[in-house]
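Enquirer: I need the structure of the sequence given here:
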Amino acid sequence: MLCPRVEAPFATADSSRGSADGPLPCKGDSTVFPQSIAAILAGMTLCAGLDVAAPSCFHVESIDDMTTVARLRLVLADGDAKARLEAVSELAVLDTARAAEALAAAALSNESSAVREEAVYELGEAGDENAFAILEQALEDPDPGVREAVVEAFADRGGDDSAWALATALHDEDASLREQAVLALGEIGGEIAVVLVQRALGDELSSVREAAREVLDELGEPQVR
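Expert: Below you'll find the predicted structure:
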């Protein structure tokens with residue numbers, strides 16, 4: 001059975017393959033995939049398994065993945081608080097490139113700090129390099145709860161890269177977050193972490209300095225800046 005044609009506007013430099021007044025065909029069938037997420041969600045029935053070759057057609061891992069991620073993006077934008085958090089969890093379970101992009105967007109730009117915090121948590125669990133870069137950016141989040149989640153994520157990841165990333169948190173305006181960063185560096189350990197904790201001995205707040213001293217004692221390192 002042929003997939004239905006979808007009449008939707010396309011912009012393409014190759015007029016032989018379609019025009020702005022009609023659909024652009026995909027190789028192997030007459031189905032076209034519109035670039036509008038809203039069109040995908042409008043109840044269209046699309047066929048999977050196509051060899052998509054046209055420049056304005058989606059080349060997707062699967063139709064199910066495309067529509068599921070599109071639906072979850074809409075929930076993240078307009079859903080209630082509980083639905084948004086559930087959407088973040090669903091994206092993490094999907095474990096596809098498209099889902100990872102949506103999760104990163106949720107961590108960095110969702111209007112809800114609770115959603116951003118949950119997305120940061122899921123990215124910390126992911127453990128890949130792309131997630132690491134997003135976590136670094138999230139350390140600049142205006143909400144201290146989100147930044148705290150980032151610090152915890154780096155502590156769980158461990159390694160010198162995570163230690164260096166936490167250097168930013170040692171200068172955070174929130175003293176409790178600076179203290180948490182010191183404790184996280186103690187969990188990570190290693191030469192870089194020790195140097196950064198020693199720097200925290202000069203923090204303006206006594207609770208941060210005390211945390212640094214305790215961490216250095218536990219690591220058996222000198223309390224020198």
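
Enquirer: only C-alpha atoms for contact and neighbour calcs from this point on.
Expert: Noted.

Enquirer: quick check: closest non-adjacent residue to the most centrally placed residue in the chain.
Expert: Nearest to the mean C-alpha position of the chain, by C-alpha atoms, centre = their mean, lies residue 104 at 2.1 Å. Nearest non-adjacent residue to residue 104, counting by C-alpha to C-alpha, 6 or more residues apart in numbering: residue 134, 6.5 Å away.

Enquirer: before we move on, back to that, so how far is residue 64 from the residue nearest to the centre of the chain?
Expert: 20 Å (C-alpha to C-alpha, to the nearest Å).

Enquirer: quick one on the thing from earlier: which of the helices or strands spans the residue nearest to the centre of the chain?
Expert: Per DSSP states H and E: residue 104 is located in helix 97-109.

Enquirer: give me the contact list for that helix.
Expert: 65-66, 69, 73, 76, 88, 91-92, 115-120, 123, 131, 134, 137-138, 141 (C-alpha atoms under 8 Å, 6 or more residues apart in numbering).

Enquirer: which of these count as buried?
Expert: Among the contacts of helix 97-109, the ones that count as buried by 16 or more other C-alpha atoms under 10 Å are 65-66, 69, 73, 76, 88, 91-92, 115-120, 123, 131, 134, 138, 141.

Enquirer: before we move on, back to that, check the offset of the helix holding residue 104 from the chain's centre.
Expert: Chain-centre distance of helix 97-109: 4 Å, with C-alpha atoms, centre = their mean, to the nearest Å.

Enquirer: may I see the buried residues of that helix?
Expert: 98, 99, 100, 102, 103, 104, 105, 106, 107, 108.

Enquirer: any idea of the mean pLDDT for stretch 198-212?
Expert: Averaged across stretch 198-212, the pLDDT comes to 97.

Enquirer: list the buried residues of it.
Expert: Buried residues in stretch 198-212 (16+ other C-alpha under 10 Å): 198, 199, 200, 201, 203, 208, 209, 210, 211, 212.

Enquirer: now the helices for this protein?
Expert: Ranges of helices in the chain, per DSSP state H, are 37-40, 63-78, 81-94, 97-109, 113-126, 129-138, 144-157, 160-165, 175-188, 191-199, 206-219.

Enquirer: out of those helices, which is closest to residue 225?
Expert: helix 191-199 (4.9 Å; C-alpha to C-alpha).

Enquirer: what's that closest one in contact with?
Expert: Outside helix 191-199, the residues that touch it by C-alpha under 8 Å, 6+ apart are 160, 163-164, 167, 182, 185-186, 212, 215-216, 221, 223-225.

Enquirer: one more time with 10 Å, if that's ok
Expert: 159-164, 166-167, 170, 179, 181-189, 200, 208-209, 211-213, 215-216, 219-225 (C-alpha atoms under 10 Å, 6 or more residues apart in numbering).

Enquirer: from the residues you listed, list just the buried residues.
Expert: Judged by 16+ other C-alpha under 10 Å, buried ones among those: 159-160, 162-163, 166-167, 170, 179, 181-189, 200, 208-209, 211-213, 215-216, 223.

Enquirer: check residue 63 and give its pLDDT.
Expert: Reading off the model, residue 63 has pLDDT 64.

Enquirer: give the contact list for the closest residue to residue 85 other than its chain neighbours.
Expert: In this structure, residue 85 finds its nearest non-sequential neighbour in residue 115, 5.8 Å apart by C-alpha to C-alpha, 6+ apart. When contacts are counted by C-alpha under 10 Å, 6+ apart, residue 115 touches 76, 81-88, 103, 106-109, 121, 146.
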